[in-house]
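S.K.: everything below, folded, please.
(2 chains)
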Amino acid sequence: MSGPRFRIAPSPTGYFHVGGARTALFNWALARRLGGTFVLRIEDTDAERNRPEWTQGIVDALAWIGISADDPHFEGPYFQSEYAQQHVAAAQRLVEAGAAYYCDMTAADVEARNQAEGNQGYQGWSRDRGLGPGPGHVLRFRVPAGTTIVRDVVRGDVEFDNALIEDFVLLRGNGSPMFLLANVIDDVSMRITHVLRAEEHLSNTPKQQMMWQALGHQPPVWAHLPLLVNEQRKKISKRRDKVALEQYREEGYLPEAMVNYLMTLGWTPKGVEIQPWSQMESEFLLEDVNHSPAFFDLKKLAAFNGEYIRKLSCEQFLAACRPWLLASDAPFPAERFDEQVFLAMAPHIQPRCVTLADAAGVVDFLFLADPVVDEEAWAKTFVSADAVAVLHDVVAAYHLLTEWTAEALKSSLAAVGETRGMKLGKAQAPVRVSVTGRTVGPPLFEALEVLGRTETMRRLRAAEAALA
RNA sequence: GCCCCCAUCGUCUAGUGGCCUAGGACACCACCCUUUCAAGGUGGCGGCACGGGUUCGAAUCCCGUUGGGGGUGCCA
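M.R.: Got it, this is the predicted structure:
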């Protein structure tokens, strides 16, 4: 009746960390494959952070990468929640079991005594003083003698000497629970069987394991995932790095690409790297997870995203790009956007996009009353008299065209270029700059075809006039 | 300081004692294709941190060194 239970517990701090997303994906893959339960517990023992909009943000970010909790647990202000009561009650049970004791020393007291005695850390001074609860009294865990062996599926057995672990605080002087306590109690009460999290938590695991045992429970399966680092090889952080999953969504990364890339950080799919979720889900094994930190490489993410964009059908591509195409800060007004024109150009736009946001900039000239002219490109192109002459010839030739198709436009311009000894590559430049405002862009003749005869001729003549 | 983790091309990694002259992907470079720019194709550059063992044989096992990271809060 009770299968494996996995849980992620992101803190609602206003954004969802990509590292958290990777952890969530690993948990999700296992929960799905093993027919387990995915528990989402958005928590923070600081009530200030449990803001509903931040909590919703995490739910949305998870939904974006295809994850929806089987068993969600959110809360409002922590101190008024049932969870806080549970945590305090559990601490009480620890006291009764003799696994925790009260201490009236402040941090300053501890430091002073260490100074005097040349020690480091809290030395269990209040262990046998028989103090009861009271204002300013913290509750400390009584770390037993011996060693603690953490059985980690990805790292193997890791041994810790308990003598080196101080009697850590469970309840603050004001009676509020510490995160470490809250975390363990939630895991225990939610019957979590597998704890997968980043490696930064490995050092705290013996403390948590001792608490599980003191509470009379078998510890869960531990799995510490390699850290995600930046180019300086440091843990990626909000301050220095782009860590918010939401930001990647806003910049036009496809969730499938993001998921695929995130999965390759610390784990390698069999065969090719780019593969559908269903396959990764069926192959993911904790035992195959790497041990060393992984660099979150934007360039590789971009490559994945480009590949996923190219795999989209035209209709899917349009649907995916629509928010950026119709955005208020798009390079053209939303009312001038034409889906049919976009669809016609889509196959040429896709290979030119790294993100969905790039599309608008590739096709802007199609939806603008007048193209935005890049002055430098214009000057460079029309510095030669030949270019100006080609433009005149093309206007004349296009005027006489009976068929307004990419093929016809191309051969007509090729013929014009030939009379002046120019290859197509050179001859198309003046037309491209006149019509699109730039020297680079999607294939010209296809663009002219969808732009239409009237508008193309208008722009070509406007360019002629400007040059005169 | 103490504890813990980690160590293969620039990056992500394959590799679990002979299939390794170390394979792939991203990045980079060159060429091809080509109406510009992309995309695509072909090829190239480039790595087992170091020192000792063990072994007939080591990227792979052991020890040490060095280097990197994480933890060590009345933060989460």
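S.K.: give the contact list for A:Val373.
M.R.: Going by C-beta atoms under 8 Å, 6 or more residues apart in numbering, A:Val373 touches A:433, A:437. (Glycine included, C-beta is placed from N, CA and C.)
S.K.: what about A:Met345, distance to RNA strand B?
M.R.: To RNA strand B, A:Met345 is 11 Å away according to C-beta to the nearest atom of the strand, to the nearest Å.
S.K.: ditto for A:Met190
M.R.: From A:Met190 to RNA strand B the distance is 16 Å (C-beta to the nearest atom of the strand).
S.K.: for that residue, the count of nearby residues, please.
M.R.: Neighbour count for A:Met190, taken as other C-beta atoms under 10 Å: 16.
S.K.: how about the contacts made by it?
M.R.: Contacts for A:Met190 (C-beta under 8 Å, 6+ apart) come out as A:5, A:7, A:39, A:41, A:71, A:73.
S.K.: quick check: buried residues in the helix or strand of chain A with the lowest mean pLDDT?
M.R.: Lowest by mean pLDDT, DSSP states H and E among the helices and strands of chain A is helix A:107-117, with a mean of 88. Residues A:Val110 are the ones in helix A:107-117 that count as buried (16 or more other C-beta atoms under 10 Å).
S.K.: stretch A:410-425 now?
M.R.: The neighbour-count check on stretch A:410-425 (16+ other C-beta under 10 Å) flags A:410, A:412-413, A:416-417, A:422, A:424 as buried.
S.K.: now swap in stretch A:149-164 and tell me
M.R.: Across stretch A:149-164, burial judged by 16+ other C-beta under 10 Å covers A:150, A:152, A:154-155, A:158, A:160.
S.K.: let's see which of these end up in helices.
M.R.: Residues of the buried residues of stretch A:149-164 located in helices (DSSP state H): none.
S.K.: which of those residues come close to RNA strand B?
M.R.: Under the cut-off given by C-beta under 7 Å from any atom of the strand, RNA strand B has A:155, A:158, A:160 from these close to it.
S.K.: can I get these in TSV with pLDDT?
M.R.: Converted to TSV, those look like this (pLDDT from 0 to 100):
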residue	pLDDT
A:Arg155	93
A:Val158	93
A:Phe160	94
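S.K.: looking at these, which is nearest A:Leu34?
M.R.: Closest approach to A:Leu34 among those (C-beta to C-beta): A:Arg155, at 20.5 Å.
S.K.: tell me which helix or strand comes right after the least confident helix or strand of chain A.
M.R.: The helix or strand immediately downstream of helix A:107-117 is strand A:138-141, counting by DSSP states H and E.
S.K.: and the contacts of that following strand?
M.R.: Against strand A:138-141 from outside (C-beta under 8 Å, 6+ apart): A:91, A:94-95, A:99-103, A:122, A:124, A:126, A:133, A:167-173, A:207, A:210-211, A:214.
S.K.: buried only: go through those residues for me.
M.R.: Among those, the ones that count as buried by 16+ other C-beta under 10 Å are A:91, A:94-95, A:99-103, A:122, A:126, A:167-171, A:173, A:207, A:210-211, A:214.
S.K.: now, which of those lie within helices?
M.R.: Per DSSP H, the buried ones among the contacts of strand A:138-141 map to helices at A:91, A:94-95, A:207, A:210-211, A:214.
S.K.: show me the strands in chain A, by range?
M.R.: A:5-8, A:37-41, A:71-73, A:100-103, A:138-141, A:147-152, A:156-161, A:169-171, A:194-198, A:221-225, A:228-229, A:294-295 (DSSP state E).
S.K.: just give the nearest non-adjacent residue to A:Pro52, would you?
M.R.: Counting by C-beta to C-beta, 6 or more residues apart in numbering, A:Gly76 is the residue found nearest to A:Pro52 once chain neighbours are left out, at 7.4 Å.
S.K.: could you do A:Ala359 as well?
M.R.: Excluding the flanking residues, the one nearest A:Ala359 by C-beta to C-beta, 6+ apart is A:Cys321, at 4.5 Å.
S.K.: distance check, the one you found against A:Thr23.
M.R.: Remark: distance between A:Cys321 and A:Thr23 (C-beta to C-beta, to the nearest Å) = 30 Å.
S.K.: of those two, who's got more company?
M.R.: Set A:Cys321 next to A:Thr23 and count neighbours by other C-beta under 10 Å: A:Cys321 wins out with 25 against 22.
S.K.: residue contacts, the residue lying closest to A:Pro347 once chain neighbours are set aside?
M.R.: Among residues not flanking A:Pro347 along the chain, A:Cys314 sits closest, at 6.6 Å (C-beta to C-beta, 6+ apart). Shown in contact with A:Cys314 (C-beta under 8 Å, 6+ apart): A:343, A:346-347.
S.K.: mind redoing it with 10 Å?
M.R.: For A:Cys314, the contact set (C-beta atoms under 10 Å, 6 or more residues apart in numbering) comprises A:342-347, A:349-350.
S.K.: so which of those comes closest to A:Glu307?
M.R.: A:Gln350 (10.5 Å).
S.K.: state the pLDDT value of the closest one.
M.R.: For A:Gln350, the model assigns a pLDDT of 97.
S.K.: then A:Arg239?
M.R.: At A:Arg239, pLDDT is 85.
S.K.: before we move on, what about A:Trp125?
M.R.: We have a pLDDT of 89 for A:Trp125.
S.K.: grab the nearest non-local neighbour of it.
M.R.: According to C-beta to C-beta, 6+ apart, the nearest residue to A:Trp125 is A:Met105 (6.6 Å).
S.K.: what's the distance between the one you found and A:Gln209?
M.R.: 26 Å.
S.K.: dump the residue contacts of the residue nearest to A:Ala359.
M.R.: A:252, A:309, A:312, A:342, A:346, A:349-350, A:353, A:355-360, A:363.
S.K.: against RNA strand B, how distant is it?
M.R.: From A:Cys321 to RNA strand B the distance is 15 Å (C-beta to the nearest atom of the strand).
S.K.: equivalent analysis for A:Phe141, please.
M.R.: The gap separating A:Phe141 from RNA strand B is 11 Å, by C-beta to the nearest atom of the strand.
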